[in-house]
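In: Give me a model of this one.
(one chain, ligands or ions: 1)
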Amino acid sequence: MTRVFSGIKPTGHLTLGNYLGAMRPWAEVDQHRADSLFCVVDLHALTVDHDPARVRRLSRQAATLLLATGLDPQLCTVFVQSHVDEHARLSYLLECVASDGEMRRMIQYREKAARERERGGSVRLSLLTYPVLMAADILAYGTDEVPVGDDQTQHVELTRDLAVRFNQRYGHTFVVPKATHPPVAARVMNLQEPASKMGKSDDSGPGIVYLLDEPDVVRKKVMRAVTDSGREVVYDREGRPGVANLLEILAACTGGNPEILGGVYQSYGALKKDTADAVIEVLRPVRARHTELCADPVYVEGVLRDGAEKAREMARPVVDAAYRAIGLLPPVSEPTSEPVSAEAVSAEAVSVSDVVVKAAR
Ligand code: TRP
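Out: The predicted structure follows:
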(Lines give C-alpha, C1' and ligand atoms only; values in the text may rest on other atoms or scores of the structure.)
Protein backbone atom coordinates (compact mmCIF):
# COMPACT_ATOMS: atom_id res chain seq x y z
CA MET A 1 0.00 0.00 0.00
CA THR A 2 1.18 3.52 -0.72
CA ARG A 3 2.74 5.19 2.30
CA VAL A 4 1.81 8.85 2.76
CA PHE A 5 3.43 11.26 5.21
CA SER A 6 2.69 14.89 5.85
CA GLY A 7 3.24 17.37 8.61
CA ILE A 8 1.83 20.53 10.05
CA LYS A 9 3.96 23.03 11.93
CA PRO A 10 2.61 24.49 15.19
CA THR A 11 3.81 28.04 14.59
CA GLY A 12 0.42 29.72 14.44
CA HIS A 13 -3.28 29.07 14.45
CA LEU A 14 -4.35 26.86 11.58
CA THR A 15 -6.11 28.58 8.74
CA LEU A 16 -8.70 27.97 6.07
CA GLY A 17 -5.73 27.64 3.72
CA ASN A 18 -4.27 24.79 5.79
CA TYR A 19 -7.68 23.15 5.84
CA LEU A 20 -8.70 23.34 2.18
CA GLY A 21 -5.20 22.81 0.84
CA ALA A 22 -4.02 20.07 3.16
CA MET A 23 -6.05 18.83 6.09
CA ARG A 24 -9.34 18.24 4.29
CA PRO A 25 -7.81 16.17 1.48
CA TRP A 26 -5.84 14.20 4.08
CA ALA A 27 -9.07 13.34 5.89
CA GLU A 28 -11.30 12.89 2.86
CA VAL A 29 -8.92 11.17 0.47
CA ASP A 30 -5.49 10.15 1.74
CA GLN A 31 -6.38 8.31 4.93
CA HIS A 32 -8.79 6.09 2.97
CA ARG A 33 -6.55 5.23 0.05
CA ALA A 34 -3.12 4.98 1.67
CA ASP A 35 -1.26 3.96 4.77
CA SER A 36 -0.85 7.50 6.07
CA LEU A 37 0.92 9.33 8.84
CA PHE A 38 0.05 12.88 9.86
CA CYS A 39 2.45 14.56 12.18
CA VAL A 40 2.49 17.72 14.27
CA VAL A 41 6.07 18.72 13.46
CA ASP A 42 6.84 20.57 16.65
CA LEU A 43 10.64 20.42 16.32
CA HIS A 44 10.25 22.61 13.24
CA ALA A 45 8.54 25.28 15.34
CA LEU A 46 11.82 25.85 17.18
CA THR A 47 13.66 27.11 14.10
CA VAL A 48 12.49 30.70 14.65
CA ASP A 49 12.00 32.82 17.77
CA HIS A 50 9.48 30.96 19.87
CA ASP A 51 7.65 31.04 23.15
CA PRO A 52 7.74 27.57 24.80
CA ALA A 53 4.25 27.81 26.29
CA ARG A 54 2.80 28.89 22.95
CA VAL A 55 4.45 26.07 21.02
CA ARG A 56 3.08 23.58 23.55
CA ARG A 57 -0.41 25.06 23.27
CA LEU A 58 -0.37 25.20 19.48
CA SER A 59 0.94 21.63 19.22
CA ARG A 60 -1.93 20.31 21.28
CA GLN A 61 -4.36 22.43 19.29
CA ALA A 62 -2.98 21.26 15.96
CA ALA A 63 -3.28 17.62 17.03
CA THR A 64 -6.84 18.20 18.23
CA LEU A 65 -7.75 19.95 14.99
CA LEU A 66 -6.30 17.12 12.91
CA LEU A 67 -8.72 14.80 14.65
CA ALA A 68 -11.53 17.37 14.40
CA THR A 69 -11.15 17.47 10.59
CA GLY A 70 -11.95 13.78 10.50
CA LEU A 71 -8.64 11.95 10.67
CA ASP A 72 -9.49 8.59 12.15
CA PRO A 73 -6.83 6.88 14.30
CA GLN A 74 -8.22 3.55 13.11
CA LEU A 75 -7.27 4.47 9.54
CA CYS A 76 -4.13 6.55 9.90
CA THR A 77 -1.42 7.48 12.39
CA VAL A 78 -1.59 10.86 14.08
CA PHE A 79 1.34 11.81 16.29
CA VAL A 80 3.73 14.48 17.50
CA GLN A 81 7.21 14.58 15.95
CA SER A 82 9.16 15.10 19.19
CA HIS A 83 7.59 11.96 20.68
CA VAL A 84 9.50 9.84 18.18
CA ASP A 85 13.28 10.07 18.52
CA GLU A 86 13.92 8.62 15.07
CA HIS A 87 13.37 11.98 13.37
CA ALA A 88 16.27 13.68 15.13
CA ARG A 89 18.36 10.51 14.93
CA LEU A 90 18.01 10.29 11.18
CA SER A 91 18.36 14.02 10.66
CA TYR A 92 21.98 13.91 11.82
CA LEU A 93 22.87 11.22 9.31
CA LEU A 94 21.28 13.19 6.53
CA GLU A 95 23.29 16.24 7.57
CA CYS A 96 26.28 14.10 6.73
CA VAL A 97 24.93 13.56 3.23
CA ALA A 98 23.74 17.11 2.49
CA SER A 99 26.03 20.01 1.62
CA ASP A 100 25.95 23.48 3.12
CA GLY A 101 25.55 25.08 -0.32
CA GLU A 102 22.50 22.97 -0.99
CA MET A 103 20.93 24.21 2.25
CA ARG A 104 21.71 27.85 1.58
CA ARG A 105 19.99 27.63 -1.79
CA MET A 106 16.59 26.79 -0.27
CA ILE A 107 14.19 29.60 -1.16
CA GLN A 108 12.29 29.45 2.11
CA TYR A 109 15.53 29.69 4.09
CA ARG A 110 16.72 32.67 2.10
CA GLU A 111 13.44 34.52 2.53
CA LYS A 112 13.05 33.78 6.22
CA ALA A 113 16.70 34.46 7.02
CA ALA A 114 16.54 37.80 5.20
CA ARG A 115 13.41 38.77 7.12
CA GLU A 116 14.98 37.73 10.42
CA ARG A 117 18.14 39.74 9.72
CA GLU A 118 16.10 42.78 8.72
CA ARG A 119 14.48 42.67 12.14
CA GLY A 120 17.96 42.68 13.63
CA GLY A 121 17.57 39.13 14.93
CA SER A 122 19.98 36.27 14.51
CA VAL A 123 19.18 33.28 12.36
CA ARG A 124 19.07 29.96 14.17
CA LEU A 125 21.28 27.27 12.71
CA SER A 126 18.24 24.99 12.79
CA LEU A 127 16.54 27.25 10.24
CA LEU A 128 19.31 26.37 7.81
CA THR A 129 19.16 22.65 8.56
CA TYR A 130 15.34 22.52 8.73
CA PRO A 131 14.93 20.88 5.31
CA VAL A 132 17.21 18.04 6.42
CA LEU A 133 14.97 17.37 9.40
CA MET A 134 12.00 17.47 7.05
CA ALA A 135 13.78 14.94 4.82
CA ALA A 136 14.28 12.75 7.90
CA ASP A 137 10.57 13.03 8.75
CA ILE A 138 9.74 11.70 5.32
CA LEU A 139 12.47 9.12 4.76
CA ALA A 140 12.16 7.47 8.19
CA TYR A 141 8.82 6.01 7.14
CA GLY A 142 9.61 4.70 3.68
CA THR A 143 7.21 7.35 2.39
CA ASP A 144 6.05 7.19 -1.23
CA GLU A 145 3.99 10.38 -1.34
CA VAL A 146 4.11 13.70 0.47
CA PRO A 147 0.95 15.77 0.02
CA VAL A 148 2.02 19.39 0.56
CA GLY A 149 1.44 22.92 -0.65
CA ASP A 150 3.54 23.96 -3.63
CA ASP A 151 5.79 26.10 -1.40
CA GLN A 152 7.17 22.81 -0.08
CA THR A 153 8.06 21.30 -3.45
CA GLN A 154 11.69 22.38 -3.22
CA HIS A 155 12.06 20.70 0.18
CA VAL A 156 10.62 17.46 -1.15
CA GLU A 157 13.00 17.66 -4.13
CA LEU A 158 15.89 18.00 -1.68
CA THR A 159 14.55 14.97 0.20
CA ARG A 160 14.65 12.97 -3.03
CA ASP A 161 18.21 14.10 -3.75
CA LEU A 162 19.36 13.08 -0.28
CA ALA A 163 17.64 9.70 -0.53
CA VAL A 164 19.19 8.95 -3.91
CA ARG A 165 22.63 10.09 -2.78
CA PHE A 166 22.49 8.06 0.42
CA ASN A 167 21.35 4.96 -1.48
CA GLN A 168 24.13 5.36 -4.05
CA ARG A 169 26.86 5.83 -1.48
CA TYR A 170 25.83 3.41 1.23
CA GLY A 171 23.49 0.94 -0.39
CA HIS A 172 19.77 0.94 -0.91
CA THR A 173 18.15 2.16 2.30
CA PHE A 174 15.46 4.74 1.52
CA VAL A 175 12.36 4.85 -0.63
CA VAL A 176 12.58 7.91 -2.91
CA PRO A 177 9.38 9.89 -2.27
CA LYS A 178 7.50 12.37 -4.40
CA ALA A 179 5.43 15.47 -3.61
CA THR A 180 1.75 15.47 -4.50
CA HIS A 181 -0.58 18.45 -4.56
CA PRO A 182 -4.32 18.33 -3.96
CA PRO A 183 -6.22 19.40 -7.08
CA VAL A 184 -8.33 22.23 -5.63
CA ALA A 185 -7.36 25.21 -3.59
CA ALA A 186 -3.79 24.03 -3.04
CA ARG A 187 -3.09 27.68 -2.41
CA VAL A 188 -5.66 29.83 -0.68
CA MET A 189 -4.44 33.42 -0.73
CA ASN A 190 -4.59 36.12 1.95
CA LEU A 191 -7.90 38.00 1.68
CA GLN A 192 -6.14 41.34 2.14
CA GLU A 193 -3.11 40.55 -0.03
CA PRO A 194 -4.22 38.11 -2.70
CA ALA A 195 -0.65 37.92 -4.01
CA SER A 196 0.53 36.09 -0.91
CA LYS A 197 -0.50 32.80 0.57
CA MET A 198 -2.88 32.64 3.55
CA GLY A 199 -0.11 31.61 5.95
CA LYS A 200 -0.56 30.88 9.62
CA SER A 201 2.80 32.31 10.61
CA ASP A 202 1.99 35.85 9.46
CA ASP A 203 -0.49 36.13 12.29
CA SER A 204 -1.88 39.47 11.31
CA GLY A 205 -5.57 38.82 11.30
CA PRO A 206 -7.79 40.58 8.76
CA GLY A 207 -6.83 38.60 5.63
CA ILE A 208 -6.62 35.24 7.34
CA VAL A 209 -9.55 33.01 8.24
CA TYR A 210 -8.63 30.76 11.15
CA LEU A 211 -10.28 27.39 11.58
CA LEU A 212 -11.52 28.37 15.00
CA ASP A 213 -12.79 31.86 14.09
CA GLU A 214 -16.37 32.50 15.20
CA PRO A 215 -18.86 32.65 12.29
CA ASP A 216 -19.35 36.41 12.59
CA VAL A 217 -15.59 36.94 12.47
CA VAL A 218 -15.37 34.78 9.34
CA ARG A 219 -18.14 36.81 7.75
CA LYS A 220 -16.46 40.11 8.55
CA LYS A 221 -13.15 38.98 7.11
CA VAL A 222 -14.68 37.67 3.89
CA MET A 223 -16.91 40.74 3.41
CA ARG A 224 -13.84 42.97 3.79
CA ALA A 225 -11.71 40.97 1.35
CA VAL A 226 -9.82 43.08 -1.16
CA THR A 227 -11.41 42.82 -4.58
CA ASP A 228 -10.14 44.32 -7.79
CA SER A 229 -11.06 47.44 -9.66
CA GLY A 230 -13.76 46.66 -12.19
CA ARG A 231 -17.18 45.39 -11.30
CA GLU A 232 -17.77 42.27 -13.30
CA VAL A 233 -17.21 38.97 -11.59
CA VAL A 234 -14.82 36.98 -13.79
CA TYR A 235 -12.30 34.30 -12.94
CA ASP A 236 -8.89 35.69 -13.87
CA ARG A 237 -6.01 34.65 -11.58
CA GLU A 238 -3.54 37.11 -13.08
CA GLY A 239 -5.70 40.15 -13.70
CA ARG A 240 -8.19 39.82 -10.84
CA PRO A 241 -6.41 37.94 -8.05
CA GLY A 242 -8.76 39.09 -5.28
CA VAL A 243 -11.93 37.96 -7.00
CA ALA A 244 -10.26 34.78 -8.27
CA ASN A 245 -9.28 33.89 -4.71
CA LEU A 246 -12.88 34.30 -3.50
CA LEU A 247 -14.15 32.20 -6.41
CA GLU A 248 -11.62 29.49 -5.62
CA ILE A 249 -12.54 29.44 -1.95
CA LEU A 250 -16.24 29.31 -2.81
CA ALA A 251 -15.61 26.52 -5.32
CA ALA A 252 -13.52 24.55 -2.84
CA CYS A 253 -16.22 24.88 -0.18
CA THR A 254 -19.18 24.02 -2.40
CA GLY A 255 -17.57 21.56 -4.78
CA GLY A 256 -18.08 23.91 -7.73
CA ASN A 257 -15.82 25.25 -10.44
CA PRO A 258 -14.38 28.78 -10.09
CA GLU A 259 -14.76 29.68 -13.77
CA ILE A 260 -18.38 28.62 -13.91
CA LEU A 261 -19.12 30.35 -10.60
CA GLY A 262 -17.57 33.51 -12.04
CA GLY A 263 -20.40 33.69 -14.55
CA VAL A 264 -23.07 33.33 -11.89
CA TYR A 265 -22.52 36.54 -9.93
CA GLN A 266 -23.57 40.05 -10.84
CA SER A 267 -21.75 41.81 -8.01
CA TYR A 268 -18.80 41.45 -5.71
CA GLY A 269 -21.13 41.86 -2.73
CA ALA A 270 -23.20 38.81 -3.66
CA LEU A 271 -20.08 36.75 -4.28
CA LYS A 272 -18.67 37.71 -0.88
CA LYS A 273 -21.91 36.91 0.89
CA ASP A 274 -22.12 33.41 -0.60
CA THR A 275 -18.43 32.81 0.01
CA ALA A 276 -18.80 33.79 3.67
CA ASP A 277 -21.80 31.46 4.06
CA ALA A 278 -19.95 28.61 2.38
CA VAL A 279 -16.85 29.01 4.53
CA ILE A 280 -18.92 29.18 7.71
CA GLU A 281 -20.73 25.96 6.73
CA VAL A 282 -17.50 24.14 5.93
CA LEU A 283 -15.93 25.12 9.24
CA ARG A 284 -18.99 24.47 11.38
CA PRO A 285 -18.50 20.70 11.92
CA VAL A 286 -14.76 21.12 12.45
CA ARG A 287 -15.36 23.69 15.19
CA ALA A 288 -18.04 21.53 16.79
CA ARG A 289 -15.84 18.43 16.81
CA HIS A 290 -12.94 20.48 18.16
CA THR A 291 -15.07 21.62 21.09
CA GLU A 292 -16.02 18.00 21.84
CA LEU A 293 -12.43 16.84 21.69
CA CYS A 294 -11.26 19.64 23.98
CA ALA A 295 -13.67 18.32 26.57
CA ASP A 296 -11.99 14.91 26.33
CA PRO A 297 -8.24 15.48 26.70
CA VAL A 298 -7.69 11.89 27.83
CA TYR A 299 -8.91 10.64 24.45
CA VAL A 300 -6.65 13.01 22.52
CA GLU A 301 -3.65 12.07 24.66
CA GLY A 302 -4.39 8.38 24.10
CA VAL A 303 -4.48 8.88 20.34
CA LEU A 304 -1.13 10.68 20.42
CA ARG A 305 0.43 8.04 22.64
CA ASP A 306 -0.68 5.18 20.40
CA GLY A 307 0.24 7.17 17.31
CA ALA A 308 3.78 7.76 18.55
CA GLU A 309 4.17 4.09 19.37
CA LYS A 310 3.02 2.99 15.93
CA ALA A 311 5.23 5.60 14.28
CA ARG A 312 8.26 4.53 16.31
CA GLU A 313 7.77 0.92 15.25
CA MET A 314 7.68 1.92 11.60
CA ALA A 315 10.63 4.28 11.74
CA ARG A 316 13.00 2.33 13.99
CA PRO A 317 14.06 -0.39 11.49
CA VAL A 318 14.58 2.13 8.69
CA VAL A 319 16.71 4.43 10.82
CA ASP A 320 18.65 1.48 12.30
CA ALA A 321 19.38 0.27 8.76
CA ALA A 322 20.66 3.74 7.85
CA TYR A 323 22.95 3.76 10.92
CA ARG A 324 24.44 0.43 9.85
CA ALA A 325 24.74 1.37 6.20
CA ILE A 326 26.60 4.59 6.87
CA GLY A 327 29.23 2.77 8.91
CA LEU A 328 28.24 3.12 12.56
CA LEU A 329 29.02 0.23 14.84
CA PRO A 330 25.93 -1.61 16.08
CA PRO A 331 25.37 -1.16 19.82
CA VAL A 332 26.37 -4.06 22.07
CA SER A 333 22.77 -5.13 22.54
CA GLU A 334 22.99 -6.51 18.99
CA PRO A 335 25.89 -8.96 19.39
CA THR A 336 27.74 -9.82 16.20
CA SER A 337 27.36 -13.52 15.47
CA GLU A 338 31.03 -14.29 14.86
CA PRO A 339 34.15 -13.32 16.73
CA VAL A 340 36.11 -10.68 14.85
CA SER A 341 39.74 -11.56 14.15
CA ALA A 342 42.51 -9.01 14.12
CA GLU A 343 43.18 -9.76 10.44
CA ALA A 344 39.57 -9.15 9.52
CA VAL A 345 39.76 -5.76 11.22
CA SER A 346 42.85 -4.71 9.31
CA ALA A 347 41.42 -6.09 6.06
CA GLU A 348 38.35 -4.00 6.66
CA ALA A 349 40.50 -0.97 7.36
CA VAL A 350 42.08 -1.43 3.92
CA SER A 351 38.76 -1.83 2.17
CA VAL A 352 37.29 1.21 3.92
CA SER A 353 40.23 3.38 2.96
CA ASP A 354 39.86 2.04 -0.59
CA VAL A 355 36.31 3.28 -0.64
CA VAL A 356 37.41 6.66 0.69
CA VAL A 357 40.10 6.94 -1.99
CA LYS A 358 37.59 6.02 -4.68
CA ALA A 359 35.02 8.49 -3.37
CA ALA A 360 37.60 11.26 -3.27
CA ARG A 361 38.46 10.79 -6.97
N1 TRP B 1 7.88 22.22 6.08
C2 TRP B 1 6.47 21.95 6.14
C3 TRP B 1 5.69 23.27 6.15
O4 TRP B 1 6.24 24.30 6.48
C5 TRP B 1 6.10 21.15 7.36
C6 TRP B 1 6.77 19.82 7.37
C7 TRP B 1 7.79 19.43 8.17
C8 TRP B 1 6.45 18.71 6.54
N9 TRP B 1 8.13 18.15 7.90
C10 TRP B 1 7.34 17.66 6.92
C11 TRP B 1 5.51 18.50 5.52
C12 TRP B 1 7.32 16.43 6.27
C13 TRP B 1 5.49 17.26 4.88
C14 TRP B 1 6.38 16.24 5.25
O15 TRP B 1 4.54 23.26 5.84
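In: from here on, contacts and neighbour counts on C-alpha atoms
Out: Will do.
In: Neighbours of H83, how many?
Out: By other CA atoms under 10 Å, 17 other residues sit near H83.
In: nearest spatial neighbour of it, skipping sequence neighbours?
Out: A308 (6.1 Å; CA to CA, 6 or more residues apart in numbering).
In: what residues are up against V222?
Out: L191, K272, K273, T275, A276 (CA atoms under 8 Å, 6 or more residues apart in numbering).
In: if I look at it, how far off is V41?
Out: Distance from V222 to V41, counting by CA to CA, to the nearest Å: 30 Å.
In: pLDDT weak spots in the stretch 101-250 of the chain?
Out: Low-confidence segments of the stretch 101-250 of the chain, defined by pLDDT under 70, span residues 183-186, 201-204.
In: coming back round to it: name the helix or strand for the residue nearest to H83, please.
Out: helix 297-325 (DSSP states H and E).
In: what do you get for Y92?
Out: Judged by DSSP H and E, Y92 forms part of helix 86-95.
In: so that helix versus helix 297-325, what angle?
Out: 30 degrees (axes from the mean of the first three to the mean of the last three CA atoms, to 10 degrees).
In: just checking, what packs against the helix holding A308?
Out: Here helix 297-325 touches strand 77-80, helix 86-95, going by 3 or more CA pairs under 8 Å, 6 or more residues apart in numbering; DSSP states H and E.
In: tell me the most buried of those?
Out: Counting by mean count of other CA atoms under 10 Å, strand 77-80 has the highest mean neighbour count of those, with a mean of 25.
In: what is the rounded mean pLDDT of that one?
Out: Averaged over strand 77-80, pLDDT sits at 98.
In: That strand close to the ligand?
Out: No - Strand 77-80 does not reach the ligand (CA under 6 Å from any ligand atom); its nearest approach is 11.2 Å.
In: tell me which residues in the helix or strand hosting L128 are buried?
Out: Secondary structure assignment for L128, by DSSP H and E: helix 125-139. Buried residues in helix 125-139, counted by 16 or more other CA atoms under 10 Å: 127-139.
In: F79: which of these is nearest?
Out: D137 (12.0 Å; CA to CA).
In: Surely that closest one touches H87?
Out: Yes - contact criterion CA atoms under 8 Å: D137 and H87 qualify, at 5.5 Å.
In: contacting residues around the residue nearest to F5 when sequence neighbours are not counted?
Out: Among residues not flanking F5 along the chain, L37 sits closest, at 4.8 Å (CA to CA, 6+ apart). The contact partners of L37, by CA under 8 Å, 6+ apart, come to R3, V4, F5, S6, C76, T77, V78, F79, A311.
In: those strands in this protein, which residues are they?
Out: 3-8, 35-40, 77-80, 145-147, 178-180 (DSSP state E).
In: Enumerate the residues of this protein near the ligand.
Out: So far as CA under 6 Å from any ligand atom goes, the chain lies against the ligand at F5, S6, G7, I8, K9, V41, M134, D137, I138, V146, V148.
In: which of those has the most neighbours?
Out: I138 (29 neighbours).
In: Do I have it right that that one meets F5?
Out: Yes - using CA under 8 Å, I138 is in contact with F5, at 6.3 Å.
In: what's the overlap in contacts for those two?
Out: V146.
In: Pipe the strands of the chain into CSV and attach distance to R165 per row.
Out: As requested, those are exported to CSV (distance: least, CA to CA, whole Å):
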stretch, distance to R165
strand 3-8, 21
strand 35-40, 25
strand 77-80, 28
strand 145-147, 19
strand 178-180, 15
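In: For the helix holding L128, name the packing helices and strands.
Out: By 3+ CA pairs under 8 Å, 6+ apart, helix 125-139 packs against helix 86-95, helix 100-104, helix 107-118, helix 153-170.
In: please redo it, this time with the cut-off set to 6 Å
Out: Using 3 or more CA pairs under 6 Å, 6 or more residues apart in numbering; DSSP states H and E, the elements in contact with helix 125-139 are helix 86-95.
In: List the contacts of the helix it packs on.
Out: Contacts with helix 86-95, where a contact means CA atoms under 6 Å, 6 or more residues apart in numbering, come from V132, L133, A136, D137.
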